[in-house]
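>>> show me the folded form of this:
(one chain, ligands or ions: 1)
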Amino acid sequence: MPFAPLLSHDLAAIAGVAALRNEPLSRHTRFGIGGPASLYVECASEAGFLEALSRVQASGSPHVVIGNGTNLIVADAGYDGVVLRLAEARVEGGEDGAVRASAGALLQDLVDFTIARGLAGLHVMTGIPGSVGAAVYGNAGAYGRSIAAAVEQVRFFDGARVLACSNAECGFGYRESTFKRNKQWIILSVSLRLESGDAGELKARADGILEIRNRKYPPTMKCAGSIFKNLLLADLPPAVQGLVPEKTVIEGKVPSAWFLEQVGAKGMSDGDIRVADYHANLIYNEGSGTAAQLRRIIGELKRRVAERFGFSIEEEVQYIGF
Ligand SMILES: Cc1cc2nc3c(=O)[nH]c(=O)nc-3n(C[C@H](O)[C@H](O)[C@H](O)COP(=O)(O)OP(=O)(O)OC[C@H]3O[C@@H](n4cnc5c(N)ncnc54)[C@H](O)[C@@H]3O)c2cc1C
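Residues are numbered from 1 along each chain as shown. Reported below is the predicted structural model:
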């Protein structure tokens, strides 16, 4: 990006904005993979973020907004453009189970806040890494509950103005939202409403969930959680539906791990990129794995599932720089 030095200077002049040139994105992804961004811009406040974003737009540079990089595969060659991150991390409570959180807040901080206030629903999402903004973007969830169930309103920047949309207008589905389909829309904050519950019971349940999670995904593991989305049984070709054991189906969904296991995914490797030998939908970087190796394994798994079962599995993980 030839004008990176000028833009970098311009952005760094905004209060609370840090602009780093040729910043390795491997430092900002949980996989620990990814080449440099021409410019990496971190903004401490929403106002600074909007100012920075408008200057980046005016410069005509390609740009992308990331959260905490826990669901990202970034190309080994990096990203020839500007990567922005909104780091404002406010979480506030209101009346009658209302909670408001900045997109840059950690989802875990929001979860902990609701548990401490005796608000139920998000407690089952304990241990899902990443930011609130990305959780809304991908409608993150666990244990049969997604963040959509608690969302009342989302404030976002549509590329020109700050707007708000109601839950119904967010187009939520399984790991889906209207924001995934309109990549230039950037989530700024979210208003939620939760039912009341017993703080002690919510905490005990959350602690139990965290223990299970930490066994499945050790906190230092370089991964993105599940690589592929699970599948709705009803969407599968009828011949395939008949092959899936009944006990595998959870709330109408078939874990993609079941299909991956049938095609021999467990334990596969390419360099330092491995498929866990205990979970076919978990791919991790043992140390010096690359995005190219990761993409090769993902491509091979998709090919095997398509060849054996006649349908495509789809990544949950998001790509940058390809
Ligand atoms: C160990 C582990 C376990 C996981 N378990 C779960 C789980 O149980 N359930 C689940 O749903 N997910 C799970 N995930 C996936 C991941 O945590 C979620 O997808 C999370 O919401 C990503 O947050 P992030 O801030 O890291 O986003 P990033 O990885 O930085 O970005 C993800 C996407 O969100 C977009 N984005 C980020 N911020 C914004 C914004 N403000 N506005 C618009 N778009 C934005 C980015 O452009 C990108 O496309 C797991 C991941 C790991 C590593």
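>>> how far away is the residue nearest to K229 when sequence neighbours are not counted from the ligand?
Distance criterion CB to CB, 6 or more residues apart in numbering; nearest residue to K229, sequence neighbours excluded, is E316 at 4.7 Å. Where C-beta positions appear, they are placed from N, C-alpha and C, glycine not excepted. Distance of E316 to the ligand, computed by CB to the nearest ligand atom, to the nearest Å: 7 Å.
>>> can you pull the contacts of E316?
By CB atoms under 8 Å, 6 or more residues apart in numbering, the residues touching E316 are N71, G138, R175, A224, G225, S226, I227, F228, K229.
>>> which residues of this structure lie near the ligand?
Taking CB under 6 Å from any ligand atom as the criterion, the chain approaches the ligand at residues 30, 64-72, 86, 103, 128-131, 133-135, 137-138, 140-142, 179, 186-187, 217, 223-225, 318.
>>> buried subset of those residues?
In the residues of the chain next to the ligand, burial by neighbour count holds for 30, 64-72, 86, 103, 128-131, 133-135, 137-138, 140-141, 179, 186-187, 217, 223-225, 318, counting by 16 or more other CB atoms under 10 Å.
>>> thinking again about what came up before, among the contacts of E316, which ones are in strands?
Among those, the residues falling in strands (DSSP state E) are A224, G225, S226.
>>> among those, which one sits closest to the ligand?
The shortest separation between the ligand and any of these is 2.5 Å, and it belongs to G225 (by CB to the nearest ligand atom).
>>> is it true that the closest one touches F31?
No - between G225 and F31 there is no contact, the gap being 10.9 Å when judged by CB atoms under 8 Å.
>>> Q153: neighbour count?
Other residues near Q153 come to 16 when the count uses other CB atoms under 10 Å.
>>> one more: G171?
A total of 16 residues lie near G171 under the criterion other CB under 10 Å.
>>> contact partners for it?
For G171, the residues meeting the contact criterion (CB under 8 Å, 6+ apart) are S177, T178, R181.
>>> can you do 6 Å?
For G171, the contact set (CB atoms under 6 Å, 6 or more residues apart in numbering) comprises S177, T178.
>>> from S131, how far off is it?
Separation of G171 from S131 (CB to CB, to the nearest Å): 20 Å.
>>> now swap in Y284 and tell me
Distance, Y284 to S131, using CB to CB: 21 Å.
>>> name the element R213 belongs to?
Here R213 is covered by helix 199-216, with elements defined by DSSP states H and E.
>>> determine the set of other helices and strands touching that helix.
With contacts defined as 3 or more CB pairs under 6 Å, 6 or more residues apart in numbering; DSSP states H and E, helix 199-216 has these neighbours: helix 107-116.
>>> list the contacts of the helix it packs on.
Residues outside helix 107-116 that contact it (CB under 6 Å, 6+ apart) are 91, 101, 122-123, 125-126, 128, 130, 132, 135, 194, 202-203, 206.
>>> what's the ChimeraX syntax to select whichever of those are buried?
In ChimeraX, the members of these classed as buried (16+ other CB under 10 Å) are selected with the following command:
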select :91,101,122,123,125,126,128,130,132,135,194,202,203,206
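>>> of the contacts of helix 107-116, which belong to helices?
Among the contacts of helix 107-116, the members found in helices (DSSP state H) are V132, A135, L202, K203, A206.
>>> quick one, strands of the stretch 201-322 of the chain?
Secondary structure of the stretch 201-322 of the chain by DSSP state E, counting those that start in this stretch: the strands cover 222-226, 231-232, 253-254, 269-270, 273-275, 282-285, 318-320.
>>> of all those, which lies closest to L260?
strand 273-275 (7.7 Å; CB to CB).
>>> name every strand pairing with the closest one and say which way it goes.
Sheet pairing for strand 273-275, assigned by DSSP bridges, gives strand 269-270 (antiparallel), strand 282-285 (antiparallel).
>>> what's the closest of the ones you listed to V151?
The minimum distance between V151 and those falls on strand 282-285, with 27.6 Å, by CB to CB.
>>> run a quick neighbour tally on V99.
Counted with other CB under 10 Å, residues neighbouring V99 total 21.
>>> cool, and Y174?
Applying other CB under 10 Å, we find 15 residues neighbouring Y174.
>>> and it, what pLDDT?
The predicted local confidence for Y174 comes out at a pLDDT of 91.
>>> what do you get for the one 4 residues further on?
Predicted confidence (pLDDT) for T178: 98.
>>> L163 and V154, how far apart?
Taken as CB to CB, the spacing of L163 relative to V154 amounts to 9 Å.
>>> show me which of the two is the more surrounded one.
Neighbours were counted for L163 and for V154 using other CB under 10 Å; V154 has more, 27 against 13.
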